[in-house]
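Quick one, fold the following:
(chains A and B)
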Amino acid sequence: MKSCRLDQANAKDGCVDRSRLLKSTDKMSVARHVLKCSRFAFHSTTLNCSRSFSTSQCKMTSRHKNSKRIEGLDKNVWVAFTSVAADPSIVNLGQGFPDIPPPSYVKEALAEASSVDRMNQYTRGFGHPSLVKALSQVYGKVCGRQIDPFKEILVTVGGYGSLFSTMQGLVDEGDEVIIIEPFFDCYVPMVRMAGGKPVLIPLRLKSGNKTGTSADWFLDPEELSSKFNSKTKAIIINTPNNPIGKIFSRDELQMIADLCIKHDTLCFSDEVYEWLIYRGHQHVKIATLPGMWDRTITIGSAGKTFSVTGWKLGWSVGPEHLIKHLQTVMQNTMYTCPTPLQEAVAQGFQRNLELMGQPECYFSSLPEELELKRDRMAAILQEAGMTPVIPEGGYFMLVDITSLNQDLSHMEEDEAYDYKFVKWMIKEKKLAAIPVTAFVGEESKKHFEKYIRLCFIKQDSTLDAAEAILKNWRKV
Amino acid sequence: MINVPLLQIIMSRRIHARRTEGVDKNVWNEFTQLAADYKAVNLGHGFPDFSPPKFVQEAFCDAVNGGAQMHQYTRVFGHPRLVQSLATFFSRVTGHEIDPLEDVLVTVGAYQALFCAFQALIDEGDEVIIVEPYFNCYQTMVKMVGGKEVYVPLRPKVEESQSSAVWTLSAEELASKFTPRTKAIVINTPNNPLGKVYKTEELQMIADLCIKHDVLCISDEVYEWLTYDGNKHVKIASLPSMWERTITIGSGGKTFSATGWKVGWVISSGHIIKHMKTIFKNSVYHCPTAAQEAVACAFEREYKLFGSPESYFQQLPAMLHHRRRKLASCLQSVGLQPIMPEGGYFMIADISSVKVDFNDDSTKDESYDCRFVKWLTKEKGLATIPVSIFYSPEHRKEFDKYVRFCFVKEEATLDAAEQILRKWSQGK
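Numbering: from 1, shown residues only, chains lettered A, B, ... in the order given. Okay, the predicted model is just below:
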């Protein structure tokens, strides 16, 4: 019953975004939209929507239109694709959340926390004391430095909320922000909402001998250097990267660090998948490189750390003179995060802090479990004639679908190949993925439109179902 | 100008975004810290010191143990079960059919609902009328979006009156605040800190101006279930022609005494909600799932019990009704003059007839009520909040003889406050 409502709910949300564009009675608003919005505003499915506006809505005058800061930001790839894939008969390897259960002790900690009276009322705005203390211990150990729990940490509503606080606190009108493609799609709209200008640079596939892994993708040093100028306020990096799964090496991070220092820019490092590192690889924090602590905000996520994406807790770690601006934003946006959730995450960290480096530590056991799923997924895809890009970290895998030569000429929409492919695959094969061009700018589309993204943090039964589909791929 | 030690200046240009200027101070921290330092009986904090009702705590536990999907992302704009229960509940209350998917947005507390409203609808240079006394975030949020705050105070019609009911808006003064640049007016009913519950006629006056000037109304109704003495909470959105221009904000935390859950919502016409959705999905994207599930269950229960004695919306105001009276009589015993609130969590008291020698040079440049609060905390061990912080700079001096008490506290807390006040009055 619940999932049916969810289907309906998500399908209708997809409709709303589309119908606004089609049926807005505010002509002026639409015109500005078309002029100003980026390609991202048009990422939507061609859902047929005959929803009509009621007469009271048609009375909407031009004074009731939106503020300028959200022009062109109303479209979103997730709203479009999660609606289509919400059908329970579809095997969903699209949206990035686990269908494996979180560790029982975090759930128990949450149930316990909510039974304590005080835990159901407001806590400290910038982060529940037991949580910020636990974070300072964990990250202090990892970074090899003392981290002040009250001045150098901010708890936010998910890693997403940290990205938002960072952009709002540190990016101003006219600031340029370098974003590496492919990127988690919220980076661009968030930079734009803060009045900044996104400057894109793609990871490029190396020529010559390839490993078939995410390590084949690299940043061209000269190209990167050319993106920095006097207006550059920050560069955003994501390691391990979503969607490719690339882990930036120490040398690569040093190259970025050198440019940050040379051009006096900030670095926003999205490290939400920091614990999902597969054998033979190491996660390096750019904030630990010389000269970088003072100019880096590092972002983490409880959802990704403890497989509880629905808890929406994240954090920013950095020097006081940067974190205080994020705290100002928090104070004026949400004020505080939920208390019992923070208490439970604190306990999760305390427990694992003691176990760090041992196999029982969740930060070791989860990647071990996922590596098996990763390898299984890769093998299945190869058998079906696709070419997976084995990720070094994270829980996504890119898949090159070129060799399938799937004819999609019957699909008339003016969309990138991967968008059409994913829609076709959902409809014909009942398997959902996410198109990778959702994560890149216009100019890089042609380099990524033969890739789709699959999420493999799924239970065996889900992977079994995917395997069944892929085994039968050529048969239909 | 941000004061940064020389060694830490790593960038030669400004680091912070301009929108954070002037909104970085936190008035609450100072008073919270003082209360903690002096281990004062805390009637300053605006939240319950008792637990949510059992059925609410159980709903949360059930959600936590409710299966894997309770711990993963739910629908972006609000967990389906919650938006459905909110739509059903408030459709009945307002008599207006509310679409759960179009007309409701779930947010991280009412605080974030306010944030989304200002960010989505207020542009640089837009004027926003704020009725004083106001919850201070209205001002900082308007400032952050580059809007211009225009203040209009509630004033007691009758001097030395003892009820929030006589604090009203002057019709002429209010009308004079509307200009071609006015985009919105913000009202809070029941009001924090005053406890005023706006009557239908008062809301109609505001509504008439909104319609005449084509202005939006942001109605913060987080204390909507807490009305006393037969006062009724009226929703301005239910007045004619107001649905399509009103943004009504509610709070799970205040409704169910679970402020730490941070579940809030906005109910408005779809054409306004869609803009708030854009802000929402570019700022937090989702709200936590389990707490939303629990609030949904709680509303479903209240829907069935609405109006009956078992309803929490009857029980909580009934419990607070007596605590309110108790606090008022304690305050009177020391010569403070409480203004009896018609609704909400708070009571303000006129401190002008109490003579106190502050004997504290450190506060000599502060407003009278701030000095009083600090003295009361340090010397008597009772923490409160000065009311002038709820006023604009231009009106602060006019209202610096009041302090705010929160009575949504355990009996034991109020007993402790009573002891302090009794000792004080005996010592006179």
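
Which of the helices and strands in chain A ranks last by mean pLDDT?
Lowest by mean pLDDT, DSSP states H and E among the helices and strands of chain A is helix A:27-36, with a mean of 26.

Grab the nearest non-local neighbour of residue B:242.
residue B:207 (5.2 Å; CB to CB, 6 or more residues apart in numbering or on different chains). The way it works is simple: take the backbone N, C-alpha and C, and place the C-beta from them, glycine included.

The residue most central in space within chain A sits in which helix or strand?
Centroid-nearest residue in chain A, with CA atoms, centre = their mean: residue A:184, separated by 4.3 Å. Per DSSP states H and E: residue A:184 is located in neither a helix nor a strand.

Now do the contacts for it.
Going by CB atoms under 8 Å, 6 or more residues apart in numbering or on different chains, residue A:184 touches A:238, A:242, A:270, A:439.

Go again with 10 Å.
A:96, A:159-160, A:163, A:190, A:236, A:238, A:241-243, A:270, A:272, A:438-439 (CB atoms under 10 Å, 6 or more residues apart in numbering or on different chains).

Next: residue A:308.
Each residue near residue A:308 by CB under 10 Å, 6+ apart is listed here: A:97-98, A:101-103, A:106-107, A:110, A:301-302, A:341, A:344-345, A:348, B:68, B:70-72, B:288-290.

Tell me the predicted confidence for it.
Per-residue confidence (pLDDT) for residue A:308: 96.

List the buried residues for stretch A:355-370?
Neighbour-count burial for stretch A:355-370, counted by 16 or more other CB atoms under 10 Å in any protein chain shown, picks out A:361, A:362, A:363, A:364, A:366, A:367, A:370.

before we move on, what about stretch B:212-222?
Buried-residue list, stretch B:212-222, by 16+ other CB under 10 Å: B:213, B:215, B:216, B:217, B:218, B:219, B:220, B:221, B:222.

got these as a markdown table, with pLDDT columns?
As requested, the buried residues of stretch B:212-222 are exported to a markdown table (pLDDT from 0 to 100):
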| residue | pLDDT |
| --- | --- |
| B:213 | 97 |
| B:215 | 97 |
| B:216 | 97 |
| B:217 | 98 |
| B:218 | 98 |
| B:219 | 98 |
| B:220 | 98 |
| B:221 | 98 |
| B:222 | 98 |
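
Of those residues, which is the nearest to chain A?
Distances from chain A to these, taken as CB to the nearest CB, are shortest for residue B:216 (6.7 Å).

Quick check: the closest one touching residue B:243?
No. Between residue B:216 and residue B:243 there is no contact under CB atoms under 10 Å: 11.9 Å.

For the two, list the residues in contact with both.
B:268, B:272.

Just the contacts of residue A:308: which are in helices?
Counting by DSSP state H, the part of the contacts of residue A:308 found in helices is A:106, A:107, A:110, A:302, A:341, A:344, A:345, A:348, B:289, B:290.

Which PyMOL command selects the buried ones in these?
Command for PyMOL, covering only those of the ones in helices among the contacts of residue A:308 found buried under the criterion 16+ other CB under 10 Å:
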select buried, (chain A and resi 106+107+110+302+341+344+345+348) or (chain B and resi 289+290)
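
Tell me which two of the ones in helices among the contacts of residue A:308 sit farthest apart.
Greatest spacing in these, by CB to CB: A:348 and B:289 (17.0 Å).

Give me the buried positions along stretch A:147-165.
Taking 16+ other CB under 10 Å as the criterion, stretch A:147-165 shows A:147, A:149-165 as buried.

so which of those are also by chain B?
Among the buried residues of stretch A:147-165, proximity to chain B is found for A:156, A:157, A:158, A:159, A:160, A:161, A:163, A:164, A:165 (CB under 10 Å from any CB of the partner chain).

Strands along the stretch 1-150 of chain A, start to end?
Along the stretch 1-150 of chain A, counting by DSSP state E, counting those that start in this stretch, strands occupy A:91-92.

now the helices: where do they sit in it?
A:2-23, A:27-36, A:55-58, A:77-85, A:104-114, A:129-143 (DSSP state H, counting those that start in this stretch).

quick one: residue A:267 and residue A:299 touch, right?
No. Between residue A:267 and residue A:299 there is no contact, the gap being 11.0 Å when judged by CB under 10 Å.

which stretches of the stretch 1-150 of chain A have low pLDDT?
For the stretch 1-150 of chain A, applying pLDDT under 70 flags the ranges A:1-65, A:74-76, A:79-80, A:83-86.

rerun at 90
A:1-89, A:95-96, A:99, A:117-118 (pLDDT under 90).

separation between residue B:181 and residue B:122?
Applying CB to CB, to the nearest Å, the value for residue B:181 to residue B:122 is 11 Å.

Tell me the residues that contact both of those two, please.
B:128, B:147, B:148.

Quick check, the second one in contact with residue B:125.
Yes. In this structure residue B:147 lies within contact range of residue B:125 using CB under 10 Å: 7.4 Å.

More neighbours: which of the two?
residue B:147 (23 against 10; other CB atoms under 10 Å in any protein chain shown).

Look up phi and psi at the more buried one.
phi -80, psi 170 (degrees, to the nearest 10).

list the contacts for residue A:201?
For residue A:201, counting by CB under 10 Å, 6+ apart, the contacting residues are A:178-181, A:183, A:219-220, A:223-227, A:235, A:441, A:444.

actually residue B:176, sorry about that
Residues near residue B:176 by CB under 10 Å, 6+ apart: B:150, B:152, B:170.

Any idea which residue of the stretch 301-428 of chain B lies closest to chain A?
For the stretch 301-428 of chain B, CB to the nearest CB, closest residue to chain A: residue B:410, 9.5 Å.

need the contact list for that residue.
So residue B:410 contacts A:117, B:48, B:49, B:50, B:51, B:323, B:416 (CB under 10 Å, 6+ apart).
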